[in-house]
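> predicted model and sequence below, questions to follow.
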Amino acid sequence: MIPDGEIKKLPQRAWFERLNLLNIIVIVFLFLTIFSGKNLMDNNRPADVVAGFKYFIKKFFPPDFSDFSLILESLGETFQIAIVSTFIAVIFSLVISIGASRNVSPSWLVQTTRMFLNITRTLPSLIWAFIFVIFFGPTPIAGVFALTFYSLGYLGKFFSESFESMDIKVARGLKLIGANPVQAFLYGLWPNVKAQVWSQSLWMLEYNIRSASIIGLVGAGGIGMELNKAMEMASGFQRVTAILICILVIVIFLDLLGQGIRRWITQKINPKSISD
Amino acid sequence: MTILRTNKLGLIRNQKWLFQNLNIEIPGGSLVAILGPSGVGKSSLLSCLSGSEAPSEGKIEFEINKGETKNTQSIRPELGIIFQNLRLTEHVTVLENVLYGKIAYYGLKEAILGFPKSDQEEAYQILSDLGIAKLAYKWTSQTSGGEQQRTAIARTLFQSPKIILADEPVSNLDTYYAGRVMGLFRNLATLKKKIIFCALHDPQLISRFADYALSLNPEHPEGWNLRKVEPKT
């Protein structure tokens, strides 16, 4: 039975409610790409790509592995920078991210910490490295600080998003039967985010290994410094190739290793997420 | 003896009174069934009593020791709550969830070294009473709805509070376990003089186990009714 005055036909929506925003965005991007592409091509200097390629092959090959032990040593340093900075960043991010989670913290704290996280994330790691090289001089310590700050921005965001996706009612329920705030977090929230935090931290480590290999370009230690030196030498191009190959091999290897470990940990901590 | 007392208790939800001027005094040893159709305010009354929601008017008092009235905040460890949506921590074992019942008595030591062995044994006993001992080391997220409900009940039994507030604690259980859990509650009330509030639907369970039946009437917020359930002989 339909009460009087109620509409029997399917109600029509206004034209702006019927618009599919996603499609419009795709179309806008398509136009922007065509327009920008044309602009970029017009402003380009005419270049002889084929000659450039020939020059590259001639100068950069074959790779020069004569200083292999030195390359290995600075790769080791790269690795150490990544590990130390990721570890410090994870610890600090955990604390900061609690402040940045809307479901846990008051809004003034959320706003402040998010602002801080946004700022650290906006600057690329290379700029951070540049800043800390001014403070500490061209040392690996500058690299550690640079990557720590850069990772803080990302991990803080990731962790707080993980916390926010959790059902806060569980922790609140524990408080109702006498848990203090730390216990409520430790037993009601932390177990459910643990797997995500692990996985995100490992992702950051992988990322930092890649980053650590370029921040040396501005003097912040690691393999990048060797790369920089080799590029500045007239005869160093073949060494550059050797270093790049080494970076490539180690990054691919660690990526695969990280993926494997991540999958293993997720499975161990949270078996459900695999079957889902 | 424990006493739960409400004084002119009232709650507004969506600009509508769910109940008003609710004055009840429940002595230890009583099992109170809260009844009424869905949406009548059973869960809201329980969350008022548990302190997770502030009443719109009136107050709730507890008397744990004679002559000493306390508010909800100060008797938290003596307040066992079985939530309708259970609120278990999903990614820990069933046993750990049960152990969380005594969380108010644990501290830094347990956080670092883990829960005491004797407590683990005790929690395991409760699980086996409820027929889910084999799930002790399983992830809670991997267990079924009925098993999770029994885990939540086990948590409250392990907590061993003076007052239990249970929101439809047997809704996901079969007749056998529903009767068994209500029987356990009945014994806790009779033998240990606990106060137990249960939101219940099943009239059979109410007449078998409850001492009092409290019904709410949102059409007439002040028309709530607390009656004694006549025991069937």
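Nice, I can see it. Numbering: from 1, shown residues only, chains lettered A, B, ... in the order given.
> element containing the nearest residue to B:A210 once chain neighbours are set aside, please.
Distance criterion C-beta to C-beta, 6 or more residues apart in numbering or on different chains; nearest residue to B:A210, sequence neighbours excluded, is B:A33 at 3.9 Å. To be clear about C-beta, it is placed using only N, CA and C from the backbone, and glycine gets the same treatment. Assigned by DSSP states H and E, B:A33 belongs to strand B:31-35.
> the inter-axis angle of the following helix or strand past that strand versus strand B:31-35?
Next helix or strand after strand B:31-35 toward the C-terminus (DSSP H and E): helix B:42-50. Between helix B:42-50 and strand B:31-35, the angle comes out at 140 degrees (axes from the mean of the first three to the mean of the last three C-alpha atoms, to 10 degrees).
> is helix B:42-50 positioned near chain A?
Yes: residues of helix B:42-50 contacting chain A under C-beta under 8 Å from any C-beta of the partner chain: B:S50.
> looking at stretch A:84-102 now, give me its mean pLDDT.
Average pLDDT, stretch A:84-102: 91.
> quick one: neighbours of A:E77, just the number.
A:E77 is flanked by 20 other residues according to other C-beta atoms under 10 Å in any protein chain shown.
> for it, which non-adjacent residue is closest in space?
Counting by C-beta to C-beta, 6+ apart, the residue nearest A:E77 is A:G222, at 5.1 Å.
> now do the same for the one you found: its pLDDT.
77.
> and it, what does it touch?
A:74-75, A:77-78, A:81, A:140, A:143, A:212-213, A:215-216 (C-beta atoms under 8 Å, 6 or more residues apart in numbering or on different chains).
> redo the residues you listed as JSON lines? Include secondary structure and pLDDT.
Formatted as JSON lines, the contacts of A:G222 follow (DSSP: H, G, I helix; E, B strand; the rest coil; pLDDT from 0 to 100):
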{"residue": "A:S74", "secondary structure": "helix", "pLDDT": "84"}
{"residue": "A:L75", "secondary structure": "helix", "pLDDT": "86"}
{"residue": "A:E77", "secondary structure": "helix", "pLDDT": "86"}
{"residue": "A:T78", "secondary structure": "helix", "pLDDT": "87"}
{"residue": "A:I81", "secondary structure": "helix", "pLDDT": "88"}
{"residue": "A:P140", "secondary structure": "helix", "pLDDT": "85"}
{"residue": "A:G143", "secondary structure": "helix", "pLDDT": "86"}
{"residue": "A:A212", "secondary structure": "helix", "pLDDT": "86"}
{"residue": "A:S213", "secondary structure": "coil", "pLDDT": "83"}
{"residue": "A:I215", "secondary structure": "helix", "pLDDT": "85"}
{"residue": "A:G216", "secondary structure": "helix", "pLDDT": "82"}
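> neighbouring strands of the strand holding B:A33 in the sheet, and parallel or not?
strand B:195-199 (parallel), strand B:212-215 (parallel) (DSSP bridges).
> what mean pLDDT does the last one get?
Same thing as strand B:212-215. In this model, strand B:212-215 has an average pLDDT of 92.
> one step back: which among the contacts of A:G222 gets closest to chain B?
When these are ranked by distance to chain B (C-beta to the nearest C-beta), A:I81 comes first, at 31.3 Å.
> wait, the closest one sits on A:M225?
No: A:I81 is beyond contact range of A:M225, at 11.0 Å (criterion: C-beta atoms under 8 Å).
> flag the shaky bits of the chain, pLDDT-wise.
Here I'm looking at chain A. Where chain A drops to pLDDT under 70, the residues are A:1-7, A:43-47, A:268-276.
> oops, I was thinking of chain B
Along chain B, the model assigns pLDDT under 70 to residues B:231-233.
> rerun at 80
Within chain B, the stretches with pLDDT under 80 are B:1, B:66-67, B:218, B:231-233.
> show me what from chain B comes close to chain A.
Close to chain A, as judged by C-beta under 8 Å from any C-beta, chain B has residues B:50-52, B:76-77, B:79-81, B:83, B:85, B:87-92, B:96, B:100-101, B:103-106, B:111, B:139, B:141-142, B:159, B:161.
> show me the contact partners of the strand holding B:A33.
With contact meaning C-beta under 8 Å, 6+ apart, strand B:31-35 is reached by B:26, B:42, B:45-46, B:185-186, B:189, B:195-201, B:205-206, B:209-216, B:226, B:229.
> name the SS class of the residue in chain B that chain A sits nearest to, please.
Scanning chain B for proximity to chain A using C-beta to the nearest C-beta identifies B:A104 as nearest, at 2.7 Å. The three-state label given to B:A104 by DSSP: H, G, I helix; E, B strand; the rest coil is helix.
> does A:T148 really touch A:S85, like I thought?
Yes: shown here, A:T148 and A:S85 form a contact pair, counting by C-beta under 8 Å, at 4.3 Å.
> of the two, give the one with the bigger neighbour count.
Taking other C-beta under 10 Å, A:T148 and A:S85 do not tie; A:S85 has more neighbours (28 against 24).
> which residues touch that one?
By C-beta under 8 Å, 6+ apart, A:S85 lies in contact with A:143-148, A:151, A:208, A:212.
> in helices, which of these appear?
Counting by DSSP state H, the contacts of A:S85 place A:143-148, A:151, A:208, A:212 in helices.
> out of those residues, who's near chain B?
Filtered for proximity to chain B (C-beta under 8 Å from any C-beta), those leave an empty set.
> nearest to chain B among the residues you listed?
Nearest member of these to chain B, counting by C-beta to the nearest C-beta, is A:S151, at 25.0 Å.
> I figured the closest one hits A:F92, correct?
No: using C-beta under 8 Å as the test, A:S151 is too far from A:F92 to be in contact (9.0 Å).
> those two: which is more packed in?
Ranked by neighbour count (other C-beta under 10 Å), A:S151 and A:F92 place A:S151 first, with 29 against 16.
> need the contact list for the closest residue to A:G258 other than its chain neighbours.
Sequence neighbours aside, A:E206 is the residue nearest to A:G258 in space, at 4.4 Å (criterion: C-beta to C-beta, 6+ apart). Taking C-beta under 8 Å, 6+ apart as the criterion, A:E206 is in contact with A:254-255, A:258.
> ok, B:T143 next?
Counting by C-beta under 8 Å, 6+ apart, B:T143 has contacts B:94, B:132, B:135, B:151.
> those residues: which two are farthest apart?
Within these, two members stand farthest from each other by C-beta to C-beta: B:L135 and B:T151, at 7.7 Å.
> which of those two has more neighbours?
Between B:L135 and B:T151, counted using other C-beta under 10 Å, B:T151 has the larger neighbour count: 26 against 21.
> that one against B:V98, yeah?
Yes: between B:T151 and B:V98 there is a contact under C-beta under 8 Å: 6.5 Å.
> name the residues contacting each of B:L135 and B:T151.
B:94, B:127, B:143.
> check contacts around the second one.
Translated: B:L127. For B:L127, the contacting residues are B:94-95, B:98, B:133, B:135-136, B:151, B:154, by C-beta under 8 Å, 6+ apart.
> now do the contacts for whichever residue of the stretch 51-200 of chain A sits closest to chain B.
Closest contact between the stretch 51-200 of chain A and chain B, by C-beta to the nearest C-beta, is at A:G178 (2.7 Å). A:G178 makes contact with B:76-77, B:79, B:103-105 under the criterion C-beta under 8 Å, 6+ apart.
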